[in-house]
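Engineer: Turn this into a structure:
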Amino acid sequence: MRKGFAVLCMVLVFALCAGHAVMADQSDTIRYIVRFKADNLKLKDASRSDVISALQENLKRNLKSVSKVMKSPANANINPLWIANAFAFDATENDVTRIAKLPNVAEVFRNEYKIFIDKDINKRDESSDPTVIQWGVQKVRANEVWQTYRIDGAGVVVGIIDTGIDGTHPALAGKILSFKDFTTDQSATPTDTQGHGSHVAGTVAGSQGVGVAPGARLIIGRVFDTSGGTTEEVLMAGMQWMLDPDGIPETNDGPRLINNSWGSNDSVSKTFWVAVENWVNAGILPVFAAGNNGMYGGKVGTPAAFPHSWAVAATTSTNSLAYFSSQGPVAWDGVPLMKPDIAAPGDRIISCKIGGGLVSNSGTSMACPHVAGVAALMFQADPTLTVEQVRLIAEETAKDLGAEGKDAKFGSGLIDSFKIVEKVLANSGLASAFDAYESAILSEKALIGMQPVSPLAAPLARSIVERSLDLDEGQFRALVISVNQNGGEAAQALLKTAKSARVANQLHK
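Structural biologist: Down below sits the predicted model:
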């Protein structure tokens with residue numbers, strides 16, 4: 001967080017104490033979240049740093065109105081949640097009553113502990129065979145993309161909000177760029193005491209045939225405890241951190257997409273609406289599990305049900321809908337909305353087990369990271385893709401499994417990474433990958449500093465050089481012209497490497 005914003009919050013705490021003669025008993029206070037009404041911020045097409053700065057300034061303005069009516073003690077313990085135009089604090093009922101009457105306040109609610117991750121479905125240990133490509137990876141045709149197009153997610157950063165990650169698992173080794181623990185454990189090193197997060201991370205980017213995009217790298221926010229629960233404040237704080245992991249808005253260190261294998265069975269709650277909306281404003285693709293309430297006739301839950309969330313249904317190995325997968329449609333302000341959006345394998349999915357080895361699990365939580373992995377492949381194929389373009393291309397090329405068109409069970413159908421990447425590459429060249437390489441260098445520097453071995457930029461560089469070998473002479477000349485005109489120093493150096501590789505390749509034919 002920038003220094004000026006932190007100072008503002010300190011000033012606000014002191015202002016809240018003004019005129020308060022007698023300190024209130026701490027037992028009289030309860031943790032609340034105040035969410036302000038939406039302001040007309042012009043965030044469309046803004047850079048990520050501009051979005052972050054605008055959100056912080058907006059909350060700063062709204063907070064000033066609170067200081068005029070708040071009379072709680074200095075230990076109000078204010079936590080600014082600018083991603084949601086909100087803040088959390090300790091307050092008495094009288095404080096809350098006064099604040100709720102302010103014209104710019106949308107709602108005030110207690111910060112409560114809730115379960116956001118369902119209990120494991122059909123969980124069992126599996127034998128480990130590093131030569132096997134798991135069925136879900138094959139079903140979305142990711143292995144065909146690796147082999148045909150030399151694309152495996154390299155250079156793409158994926159965020160995951162979950163129960164953490166087992167940083168020692170062999171299939172996840174070298175994948176983690178940043179980890180932050182928001183639970184009471186406050187672990188300084190990547191950890192997962194439940195297993196859900198490690199399983200999800202494995203499906204996104206695990207090696208040894210486990211993950212859809214093994215070349216991708218991960219930013220992990222641990223917000224859920226062993227029971228799969230947390231508070232709204234902690235969850236919002238984790239969502240906010242994803243938008244700006246290093247706390248410096250000017251550095252573009254956030255992920256391109258975020259996997260969210262969590263949610264509630266409530267199809268109308270707007271608690272996280274603004275936070276997800278601001279991810280999209282910042283160019284981050286929000287991938288959400290549709291929910292596991294299908295066996296009870298439950299609708300797609302929130303946040304997956306939001307129009308701006310990409311909701312993922314779960315399928316079986318025979319392309320039928322998993323019995324637990326929540327269905328649509330839903331409605332917002334009386335307007336029907338078809339959900340889920342897309343489908344992916346989610347039944348008996350084999351992935352990483354905490355402590356090593358493999359374990360199978362079922363749920364839309366397992367389907368969600370398949371889609372996140374495919375999105376990572378898309379962003380490597382064309383780093384200029386927008387959130388809207390990713391969703392549109394993936395849904396246009398999906399295998400229709402239910403009623404014709406987008407339906408309330410499978411959405412647009414089973415995601416097909418091969419058809420997607422084929423279409424993306426037909427409309428884009430390799431030049432944008434050189435820009436992505438320079439961005440990867442900057443992101444890597446912001447997240448982990450200079451390292452002896454580059455975990456993000458180096459794999460992307462190798463992929464770019466390999467892909468350049470497949471270009472004919474005319475295509476490569478066009479690439480050279482584009483990079484020479486628009487590329488920076490790092491891109492120019494990489495182009496020289498590509499030229500040398502092509503010469504060597506010709507000599508050895």
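
Engineer: So Glu404, which state does it fall into?
Structural biologist: coil (DSSP: H, G, I helix; E, B strand; the rest coil).

Engineer: tell me which helix or strand of the protein sits lowest on mean pLDDT?
Structural biologist: One helix or strand of the chain scores below all others by mean pLDDT, DSSP states H and E: helix 3-16, with a mean of 45.

Engineer: okay, the helix or strand that that one is followed by in CSV with CA atoms only?
Structural biologist: Going down the chain from helix 3-16, the next helix or strand is strand 30-36, by DSSP states H and E. What follows is strand 30-36, C-alpha atoms only, in CSV (Å, rounded to 0.1, in the frame of the first residue of the first chain):
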residue,chain,number,x,y,z
ILE,A,30,-18.3,-6.0,17.0
ARG,A,31,-16.4,-6.4,13.7
TYR,A,32,-18.4,-4.8,10.8
ILE,A,33,-17.9,-4.1,7.1
VAL,A,34,-19.1,-0.9,5.6
ARG,A,35,-19.6,-0.8,1.8
PHE,A,36,-20.1,2.5,0.1
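
Engineer: Check which helices and strands strand 30-36 sits against.
Structural biologist: helix 48-66, strand 86-91, helix 93-100, strand 105-110, helix 232-243 (3 or more CB pairs under 8 Å, 6 or more residues apart in numbering; DSSP states H and E). The way it works is simple: take the backbone N, C-alpha and C, and place the C-beta from them, glycine included.

Engineer: That one pairs with which strands, parallel or anti?
Structural biologist: strand 86-91 (antiparallel), strand 105-110 (antiparallel) (DSSP bridges).

Engineer: Flag every buried residue along the last one.
Structural biologist: Spelled out, that is strand 105-110. Val105, Val108 (16 or more other CB atoms under 10 Å).

Engineer: Contacts for stretch 475-490 next, please.
Structural biologist: 429-431, 434-435, 437-438, 441, 468, 471, 491-492, 495, 499, 502 (CB atoms under 8 Å, 6 or more residues apart in numbering).

Engineer: end to end, how far does stretch 294-313 reach?
Structural biologist: 10 Å (CA to CA, to the nearest Å).

Engineer: same check, this time on stretch 203-211
Structural biologist: First-to-last distance for stretch 203-211 - CA to CA - comes to 4 Å.

Engineer: before we move on, the earlier item: with distance to Ala372 and mean pLDDT added, can I get the strands paired with strand 30-36 in CSV?
Structural biologist: CSV is the format used below for the strands paired with strand 30-36 (distance: least, CB to CB, whole Å; pLDDT from 0 to 100):
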stretch, distance to Ala372, mean pLDDT
strand 86-91, 26, 94
strand 105-110, 30, 94
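
Engineer: Distance to Asp382 for these - can I get that in CSV?
Structural biologist: What follows is these, written out as CSV (distance: least, CB to CB, whole Å):
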stretch, distance to Asp382
strand 86-91, 35
strand 105-110, 38
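
Engineer: Considering the contacts of stretch 475-490, which possesses the most neighbours?
Structural biologist: Within those, Phe434 tops the neighbour count with 27 neighbours, counted by other CB atoms under 10 Å.

Engineer: wait, is it part of a helix?
Structural biologist: Yes - residue state for Phe434 (three-state DSSP) corresponds to a helix.

Engineer: Would you mind measuring from it to Val424?
Structural biologist: Using CB to CB, to the nearest Å, we find Phe434 at a distance of 17 Å from Val424.

Engineer: and if you look at Val390?
Structural biologist: Distance from Val390 to Val424, counting by CB to CB: 9 Å.

Engineer: which neighbours do these two share?
Structural biologist: Met378.

Engineer: which residue packs closest to the residue nearest to the spatial centre of the chain, ignoring adjacent ones?
Structural biologist: The structure's the chain has its C-alpha centroid closest to Ile258; by CA atoms, centre = their mean the separation is 0.8 Å. Nearest residue to Ile258, sequence neighbours excluded (CB to CB, 6 or more residues apart in numbering): Gly159, at 3.9 Å.

Engineer: Who are the contact partners of that neighbour?
Structural biologist: Gly159 neighbours (CB under 8 Å, 6+ apart): Leu218, Ile219, Ile220, Gly221, Met242, Gly254, Pro255, Leu257, Ile258, Asn259, Ile284.

Engineer: Does the second one touch Ile160 like I think?
Structural biologist: In other words, Ile219. Yes - counting by CB atoms under 8 Å, Ile219 does reach Ile160; the two are 7.3 Å apart.

Engineer: So these two - more neighbours on which side?
Structural biologist: Neighbour comparison, Ile219 and Ile160: the larger count goes to Ile160, with 31 against 23 (by other CB under 10 Å).

Engineer: Show me what the more buried one is bridged to.
Structural biologist: With DSSP bridges as the rule, Ile160 is bridged to Ile220, Asn259.

Engineer: That one against Ile220, yeah?
Structural biologist: Yes - assessed by CB under 8 Å, Ile160 is found in contact with Ile220 at 5.4 Å.

Engineer: No more questions from me, cheers.
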